[in-house]
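Peer 1: next come a sequence and a model predicted from it.
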Amino acid sequence: MKSEVILHINGEQRSTVIRQADTLLVVLRHLELTGAKPGCLNGDCGACTVLVNDTPIKSCMMLAIETVGQEITTIEGLHDTAIQRAFVEQFAFQCGYCTPGFVMNAYALTTQKPDADEETIRKWLESNICRCTSYQEIEQAVRSVLVQKKR
């Protein structure tokens, strides 16, 4: 069974037809928002992380129908944020596949917990996996944004 729904994505209303069983990840990619990456498809890797009402969510684990009436932000909805610049400045990526998910998670961390300590940073970043081992650079990117916010 299919339904026509309106999703609020990156500040825009997007009309689409979905099946009740479609994950948010599948629908986003159907809408040509391909920044959220399919990785494990079971919630382990975090490559598909988006924000739903400013909370990091693994879009492979959420049904699209659950997001009707919610605010969805994808990597395409961020524009020249401090965390994006920090990822570039700190070389916090290698192959880049995991980067959108890490950026979304780190963006939420730096906006919601501007006083985050080392343990909080590590705890938040545990939800994402980088197979190329850029963890130190990613943590440094987060730290650099938090330091800027304290100034």
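Peer 2: Structure received.
Peer 1: list the contacts of residue 22.
Peer 2: Residues in contact with residue 22 (Cβ atoms under 8 Å, 6 or more residues apart in numbering) are 63, 64, 65. C-beta: built from backbone N, CA, C; applies to glycine.
Peer 1: phi, psi for it please.
Peer 2: phi -70, psi 130 (degrees, to the nearest 10).
Peer 1: next one: residue 71
Peer 2: Torsion angles, degrees, to the nearest 10, at residue 71: phi -100, psi 120.
Peer 1: how near is it to residue 13?
Peer 2: As defined by Cβ to Cβ, to the nearest Å, residue 71 lies at a distance of 11 Å from residue 13.
Peer 1: thought residue 9 was touching residue 74?
Peer 2: Yes. With contact defined as Cβ atoms under 8 Å, residue 9 reaches residue 74; the gap is 6.6 Å.
Peer 1: anything in contact with each of these two?
Peer 2: Common neighbours of residue 9 and residue 74, using Cβ under 8 Å, 6+ apart, are 28, 33.
Peer 1: what segments of this protein are helices?
Peer 2: 24-30, 82-89, 99-112, 118-125, 135-150 (DSSP state H).
Peer 1: which one of these lies nearest to residue 51?
Peer 2: helix 99-112 (6.0 Å; Cβ to Cβ).
Peer 1: just how off-centre is that closest one within its chain?
Peer 2: Distance of helix 99-112 from the chain centroid (Cα atoms, centre = their mean, to the nearest Å) equals 6 Å.
Peer 1: now for residue 122: which residues touch it?
Peer 2: Under the criterion of Cβ under 8 Å, 6+ apart, the contact partners of residue 122 comprise residue 139.
Peer 1: my bad, residue 135
Peer 2: Each residue near residue 135 by Cβ under 8 Å, 6+ apart is listed here: residue 125.
Peer 1: oh, and call the first residue 56 from now on, that's how I've got it
Peer 2: Sure thing, new numbering starts at 56, so read that last one as residue 190.
Peer 1: look up how far residue 97 lies from it.
Peer 2: 21 Å.
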